[in-house]
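dropping a prediction and its sequence here:
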Amino acid sequence: MAVYTEVTDEALRAFLADYPLGELIAFRGIAEGVENSNYALKTTAGDFILTLYERRVDPAELPYFLGLMEHLAGQGLACPQPVQARDGQALRRLAGRPAAICTFLPGVWPRRVRPEHCGPLGEALARLHAAGADFPATRRNALGPPGWAPLLDRCRAAGDAVQPGLVAQLDAALAGILAAWPKPGALPVGQIHADLFPDNVFFLDGPDRRPAVSGLIDFYFACTDLLAYDIAVCLNAWCFEADGSYNVTKAHALLTAYQRLRPLGAAERGALPVLCRGAALRFLLTRLHDWTATPAGALVTRKDPLEYLRKLRFFSTAEGPAALGF
Ligand SMILES: Nc1ncnc2c1ncn2[C@@H]1O[C@H](COP(=O)(O)OP(=O)(O)OP(=O)(O)O)[C@@H](O)[C@H]1O
Ligand SMILES: N[C@@H](CCO)C(=O)O
């Protein structure tokens, strides 16, 4: 459930009076998502999403996230567009939290990923990278390589209870990944989403009844980092089956569609295996941290860290471009 902060009808009406969005018709809390409180709003001007930023979002970073969404939407990317209040500000406060209203995107995220989703995903990712190219602000990836050792340290005491020997395995994996990580300047950098999981990509049926991307959401991990790392995140999140096997057909569809718009250079292709291992470790560590640090009964839905240990193992043993789906 992701409504941490309750908003009353009166507070919302008073808040909306500052926006050129007409009259409130209805609103409801959205149960999905774990980071922020989200409400769906219907006003006489249309449908919108109200987000109240909770625990993990640093308010100082909100101008970057909202500015990036504004920029990408302005470039024609289907992503939430922040709505400015009458004073020109998109970032305001409601119920004691930083808050913003964004445009509502139609579509649904795929509960079961099929190979037909992966081509449109690859194309959408390449479009996102192109649209972000001239966005001037930057944000360091707080969950990039320098963040992984401190995260692992915070899991050290409780990690082996999740699986015996896990911490030692992760120490070894981390050392190997850091040693092989591309040096600064070696690969193209830009604005990346960094969390483009299936629940952040909406689809509608296209004219040929094949799935077409209708929107990308949840830019609150976005940052300025290696473009190919975003592909590595997607290969992790979209291309494994429930039994843990890697689906090369899905990966091939994703990579081929991406490269139609932005072909990868030789250095990027060569680095993709270590980027995939790094992405697997990133999600393993944040999940492990949440798994061990979240008190029973907390509102947060914990996700299985060991799913990403299996993915890390796959990317540590996969040899050659064909194994990754090129
Ligand atoms: N612009 C939008 N248009 C339509 N639906 C949206 C939009 N933004 C959010 N939603 C809905 O709200 C849900 C939660 O949004 P989101 O994934 O951003 O939540 P979160 O708690 O911030 O993030 P996380 O996925 O990291 O837990 C989505 O699954 C979707 O149903
Ligand atoms: N997409 C992430 C959660 C947000 O970072 C995961 O599945 O672990």
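The structure has been received and is ready for your questions. Ligands and ions are numbered 1, 2, ... in the order given.

ok, and the closest non-adjacent residue to the residue sitting nearest the centre point of the chain?
Centroid-nearest residue in the chain: residue 195, 2.0 Å away (criterion: C-alpha atoms, centre = their mean). Spatial nearest neighbour of residue 195, chain neighbours left out: residue 221 (4.1 Å); criterion: C-beta to C-beta, 6 or more residues apart in numbering. (C-beta placed from N, C-alpha, C; glycine too.)

didn't that neighbour look like it was pressed against residue 191?
No - between residue 221 and residue 191 there is no contact under C-beta atoms under 8 Å: 11.7 Å.

and those two? which has more neighbours close in?
residue 191 (26 against 22; other C-beta atoms under 10 Å).

count of residues packed around the residue lying closest to residue 321 once chain neighbours are set aside?
Nearest residue to residue 321 in three dimensions, chain neighbours excluded: residue 269, at 6.4 Å (C-beta to C-beta, 6+ apart). The tally of other residues near residue 269 (other C-beta under 10 Å) stands at 16.

for stretch 34-49, C-alpha coordinates in CSV please.
Only the C-alpha atoms of stretch 34-49 are listed here, as CSV (Å, rounded to 0.1, in the frame of the first residue of the first chain):
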residue,chain,number,x,y,z
VAL,A,34,6.2,1.7,-2.2
GLU,A,35,8.1,4.9,-2.1
ASN,A,36,5.7,7.8,-2.2
SER,A,37,2.0,8.5,-1.5
ASN,A,38,0.1,8.7,-4.8
TYR,A,39,-3.5,9.8,-5.5
ALA,A,40,-5.4,9.7,-8.7
LEU,A,41,-7.3,13.0,-9.2
LYS,A,42,-10.2,13.7,-11.6
THR,A,43,-11.0,17.4,-12.1
THR,A,44,-13.0,19.2,-14.7
ALA,A,45,-9.7,19.7,-16.6
GLY,A,46,-8.9,15.9,-16.8
ASP,A,47,-7.1,13.2,-15.0
PHE,A,48,-3.9,13.8,-12.9
ILE,A,49,-1.6,12.1,-10.4
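
list the buried residues for that stretch?
By neighbour count on 16 or more other C-beta atoms under 10 Å, the buried set for stretch 34-49 is 34-39, 41, 43, 48-49.
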